[in-house]
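**Q** Curious how this folds, go ahead:
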Amino acid sequence: MPAVRSIRRVVILAIALLALGGWLIWRQLQGPELPAYRLEARPLVQRVVASGEVDSQSLAQVGSEITGVVAARHVREGDAVNAGDLLLELRDDEQRARLREAEAALQQLIDSTRPQAQATLREAQHNLEQATRELQRRETLFERKLLASEPLEQARRAELTARVVSDRARFAATALAEGGSEEQVLRQRLEVARANLARTRIHAQVDGIVQSRDVEPGDLVQPGRTLLTIARSGSSEILLPLDEKSLAPIEHGQSARIVADAYPDRVLTAKVSFIAPSVDTARGTIDAHVDLQEPAAFLRQGMTVSVNIETGRRDQALVLPNDALRARDGSRAQVLRVRDGVVERVGVRQGMLGTALSEISEGLAAGDLVLIGDAEDGQRVRPRVQPIPSGSQYEALLALDPDTTFHALERPRERFASIKENAG
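**A** Residues are numbered from 1 along each chain as shown. This next block holds a predicted model:
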């Protein structure tokens, strides 16, 4: 009996060893276990992520039209102003003196110069009438041969002189009359004096926020110098310096979401409004402008913001993480597909491209297994299926921040976590 038991143990051990050896051989024939993705159709949203800054479409530069010394400043940076508000006052002693001088000249015309001219005209007309009568009397006497020719010539010269004096007096009285040229000149000088006095008080021409000031009381200012800068209300936009290599997905009218770094809990809606016609060759970037679609009084000029622009959307798309793509060349790439445990290299065409996920438009079908790791074409493998990152939306994000590389995705992902949560 002991011998039988020993034989039985040996047989059982041998069978177990044979089974283990067979299993190991079978596993070896099946190839190594490698991670893989199983393709399936899912919603896909392509977004461009970029950092920008708050800019203003309209910056009003306030200056002085005259040379003067600042007497008072009524605003500073950050103050809200309305059109017509007083911003600065210049010393106005000289302008007030010139205004009083112009007013005095006009009053002198009305009270003195004009009455004198009218009196002179009346006197000249009277003298002309007397000289004319005298000439007529002497001509009558000369015709009757009662007067020599010399007195007649004297009368003619006197009448001519009186006529010239009368004409001059009439011209002068006409110029000095009410509404005449002299009064118009003096009134224009008065208006100029008033305008120069008004220029000593500098008012806001637009509603907005004072962005900068470069003047203090006591400063001498001259025309052409910027004293204050005002950002017009409602003209805020976002300026994005985009990497020129990644410009293709951006188009006018695309919707965007804005998050200021200082206010990460406030998400603003916006739209792409402008794309610059030329590239900044020094930086290799091209400027895009994004207009806000809602008021955002908390934004400040120059504030850093993060922008998430939706550049494409698919209700259903075959989505594959980019770490499974090989030999990428534009929209073309290759993948290692597994069929019946055998690896085969397949060419695919990509649709919407991103740094995390891409759409596969040709070459694969839903349910296909695609290796993540490396393997030889024709090699037998055992795919270990890993889930494609899941969520309510699957996004292909393009990181276009000039301060990062094109494929640096982690920072934009973290930055826009709140956006994706709010967007659902």
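**Q** quick one: average pLDDT of stretch 64-77?
**A** If you average the pLDDT over stretch 64-77, you get 91.
**Q** Buried by neighbour count: which residues of that stretch qualify?
**A** For stretch 64-77, the neighbour count (16 or more other Cβ atoms under 10 Å) marks Ser64, Ile66, Gly68, Val70, Arg73, Val75 as buried. C-betas here are computed from N, CA, C, even on glycine.
**Q** quick one: terminal-to-terminal distance for it?
**A** 18 Å (Cα to Cα, to the nearest Å).
**Q** can you give me the helices in this protein?
**A** Taking DSSP state H as the criterion, the chain contains helices spanning 2-30, 93-108, 114-143, 149-176, 181-198, 410-415, 417-423.
**Q** who wins for proximity to Gln316 among those?
**A** Nearest of the helices of the chain to Gln316, taken as Cβ to Cβ: helix 417-423 at 18.8 Å.
**Q** Columns distance to Glu362 on top of the buried residues of stretch 64-77, output as JSON lines?
**A** Converted to JSON lines, these look like this (distance: Cβ to Cβ, whole Å):
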{"residue": "Ser64", "distance to Glu362": "67"}
{"residue": "Ile66", "distance to Glu362": "72"}
{"residue": "Gly68", "distance to Glu362": "74"}
{"residue": "Val70", "distance to Glu362": "71"}
{"residue": "Arg73", "distance to Glu362": "68"}
{"residue": "Val75", "distance to Glu362": "63"}
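**Q** In strands, which of those residues appear?
**A** Gly68, Val70, Arg73 (DSSP state E).
**Q** Closest one to Met303 out of those, please.
**A** Ranked by distance to Met303 (Cβ to Cβ), these are led by Arg73 at 25.5 Å.
**Q** now the closest one: how far from Ile250?
**A** 43 Å (Cβ to Cβ, to the nearest Å).
**Q** Burial check on Ala60, number of neighbours?
**A** Ala60: 20 surrounding residues under other Cβ atoms under 10 Å.
**Q** ok, what's across the strand from the nearest residue to it once chain neighbours are set aside?
**A** Sequence neighbours aside, Ile230 is the residue nearest to Ala60 in space, at 4.4 Å (criterion: Cβ to Cβ, 6 or more residues apart in numbering). Listed by DSSP bridges, the beta-bridge partners for Ile230 are Ala60, Val210.
**Q** tally of neighbours for Ile230?
**A** When counting by other Cβ under 10 Å, one arrives at 26 neighbours for Ile230.
**Q** One more: Glu251?
**A** By other Cβ under 10 Å, neighbour count at Glu251 equals 12.
**Q** check contacts around it.
**A** With contact set as Cβ atoms under 8 Å, 6 or more residues apart in numbering, Glu251 has these partners: Val272, Thr311.
**Q** Tell me how far it lies from Val49.
**A** Using Cβ to Cβ, Glu251 is found at 16 Å from Val49.
**Q** next one: Val164
**A** Counting by Cβ to Cβ, the gap from Val164 to Val49 is 91 Å.
**Q** again, but for Leu141
**A** Leu141 is 115 Å from Val49, by Cβ to Cβ.
**Q** What of Gln188?
**A** With distances taken as Cβ to Cβ, Gln188 is found 62 Å from Val49.
**Q** Thank you, goodbye.
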